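For reference, the sequence and a predicted model appear below.
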Amino acid sequence: MQYISKYQSPMGEMTLASDGEALTGAWFEAQKYFASTLNKDVTEREVPVLETVMEWLDRYFKGERPEIGELPLVPAGSEFRQSVWKILCEIPYGEVITYGDIARRIAEEKGMERMSSQAVGGAVGHNPISVIIPCHRVVGSNGSLTGYAGGIDLKVKLLQHENADMSKLFVPKKGTAL
C-alpha cells in the first residue's frame, strides 16, 4: 500500500508518497516523471511519516537547513540510480556540483575508467524525491542550469532560496535538457 498527501510549498503544490514507513516520492505538480514510482494501489492519507516530511519541508522553506538524514527515504530505482541519489544527498546546502563530478566519483568507486555524464543526468532527472534528495544542486560542467525535471525556473528558485552562488551559473538558450 502506498499513501499520498498534498503539500503546499511556496514554490508550488507537491505530492508526497510513502509506503507507510518511509518517504518514497515527492514531486512538484506537472514535473517530468510526476508520480512515476507510484503503483495503482494508493490511498490519500497523511500517515505519520508524511507529517514528518511536511514538517521538514516547512523548515526548509523557512530557510532552515534540516538534515536529509532526519528522514527515512526509500526511492525506487536501479542500483546505479541509487548510487547517484546517494551522492546527491551529500551535496551541501547552497552548493552545486556537476554531472561530470558525479560521473567521475561513480567511476572511481566502481573501479571503472570513466562513467557517462549523460547516464548520471538520466539518474538525476529520474530522482523521485524532489528537494529532499537535492537534484536541483547539479549543474552542467560549464555552469549551465540544465536538466531539472521541475523546470529551469524552479531549479533557479530553489538555488536562490538556498543562497547558492549563482554568479557562474546561467540558463541555457537552447538544448535538449531544458
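Alright, I've got the coordinates.

so who does residue 130 touch?
With contacts defined as Cβ atoms under 8 Å, 6 or more residues apart in numbering, the neighbours of residue 130 are 14, 26-28, 31, 136, 149-150. Backbone N, C-alpha and C define where each C-beta goes, glycine included.

Restricted to helices, list those.
Secondary structure defined by DSSP state H assigns none of these to helices.

In CSV: these, plus distance to residue 49.
Rendered in CSV, the data for those read as follows (distance: Cβ to Cβ, whole Å):
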residue, distance to residue 49
14, 15
26, 12
27, 16
28, 20
31, 22
136, 23
149, 23
150, 22
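
Not counting the longest helix seen in the chain itself, show me its contacts.
For the chain, the longest helix by residue count, based on DSSP H, is helix 48-61. Applying Cβ under 8 Å, 6+ apart, the contact partners of helix 48-61 are 3, 5, 7, 9-11, 14, 16, 18, 20-23, 26, 46, 66, 70-72, 131-132, 161.

how about that helix: buried residues?
Neighbour-count burial for helix 48-61, counted by 16 or more other Cβ atoms under 10 Å, picks out 49-50, 53-54, 56-57, 60-61.

who does the lowest-mean-pLDDT helix or strand in the chain touch, helix- and strand-wise?
The helix or strand of the chain with the lowest confidence, counting by mean pLDDT, DSSP states H and E, is strand 42-44 at a mean of 89. Secondary-structure packing of strand 42-44 (3 or more Cβ pairs under 8 Å, 6 or more residues apart in numbering; DSSP states H and E): strand 2-9.

report the angle between the axes of the strand it packs on and helix 48-61?
Note on geometry: by axes from the mean of the first three to the mean of the last three Cα atoms, to 10 degrees, strand 2-9 and helix 48-61 are set 20 degrees apart in direction.

can you pull the buried residues of stretch 63-78?
Under the neighbour-count rule (16+ other Cβ under 10 Å), stretch 63-78 has 66, 68, 71, 73, 75-77 buried.

And for stretch 3-17?
With burial defined by 16+ other Cβ under 10 Å, the residues of stretch 3-17 counted as buried are 3-5, 7, 9, 14-17.

Which members of the residues you listed define the maximum pairwise distance?
Farthest-apart pair in the buried residues of stretch 3-17 is 3 and 9; separation 18.7 Å (Cβ to Cβ).

Run through this structure and note the low-pLDDT ranges.
Across the chain, residues meeting the criterion (pLDDT under 70) sit at 175-178.

Tell me, domain by domain, which residues of it belong where.
According to automatic domain parsing, the chain comprises the domains 2-70, 79-161.
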